[in-house]
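Novice: only geometry, no sequence info:
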Ligand SMILES: [Zn+2]
């Protein structure tokens, strides 16, 4: 079977890390095929997966990060990539409004997520 120069990639959801968007190259060239192949298993956009999109109707996602382990300019990238601790918390919008203040409140309500630095929330262990 010959090469078709067609690739399909299953990207990861920016928010939860689960399965996200599906990409395939419409230009059937080796270059475009290689580009799509490289997207497989990676976060390629900030479009939420269906599960996150559903939860974002009523909740704001708190993504815990460790600023001290993140690249200094992480927040300037199109796809912000701070060091994540792996902890995700969904907070009811009403609770988010009562708990969060300042620019984080505005950002969280608009984008349905925000980053929180490690240490803000602790488990009772
Ligand atoms: Zn998701």
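Specialist: Thanks, I have it. Fair warning: this is a prediction, and the values are worked out from it, not measured in the lab.

Novice: tell me who's in contact with the residue nearest to residue 41 when sequence neighbours are not counted.
Specialist: In space, and not counting its chain neighbours, residue 41 is closest to residue 12: 6.3 Å by Cβ to Cβ, 6 or more residues apart in numbering. All C-beta spots, glycine's among them, are computed from the backbone N, C-alpha and C. If you count contacts by Cβ atoms under 8 Å, 6 or more residues apart in numbering, residue 12 has them with 18-20, 41-44.

Novice: show me what from this structure comes close to the ion.
Specialist: Contacts of the chain with the ion, taken as Cβ under 5 Å from the ion, map to 13, 15-16, 18, 49, 52.

Novice: pull out the buried members of those residues.
Specialist: 13, 15-16, 49, 52 (16 or more other Cβ atoms under 10 Å).

Novice: among the residues you listed, which are in strands?
Specialist: Cross-referencing these against strands under DSSP state E gives no overlap.

Novice: export those to a markdown table and tack on pLDDT?
Specialist: Below are these laid out as a markdown table (pLDDT from 0 to 100):
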| residue | pLDDT |
| --- | --- |
| 13 | 98 |
| 15 | 97 |
| 16 | 96 |
| 49 | 98 |
| 52 | 98 |
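
Novice: ok, residue 12 to residue 81 distance?
Specialist: Remark: distance between residue 12 and residue 81 (Cβ to Cβ, to the nearest Å) = 12 Å.

Novice: what touches both of these two?
Specialist: Counting by Cβ under 8 Å, 6+ apart, the common neighbours of residue 12 and residue 81 are residue 43.

Novice: name the SS class of residue 27, please.
Specialist: Here residue 27 is recorded as coil under DSSP: H, G, I helix; E, B strand; the rest coil.

Novice: let me fix that, I meant to ask about residue 87.
Specialist: strand.

Novice: please list all residues in contact with the spatially most central residue of the chain.
Specialist: For the chain, the residue nearest the mean C-alpha position is residue 14 (1.8 Å; Cα atoms, centre = their mean). Applying Cβ under 8 Å, 6+ apart, we find residue 14 in contact with 20, 43, 45-48, 79.
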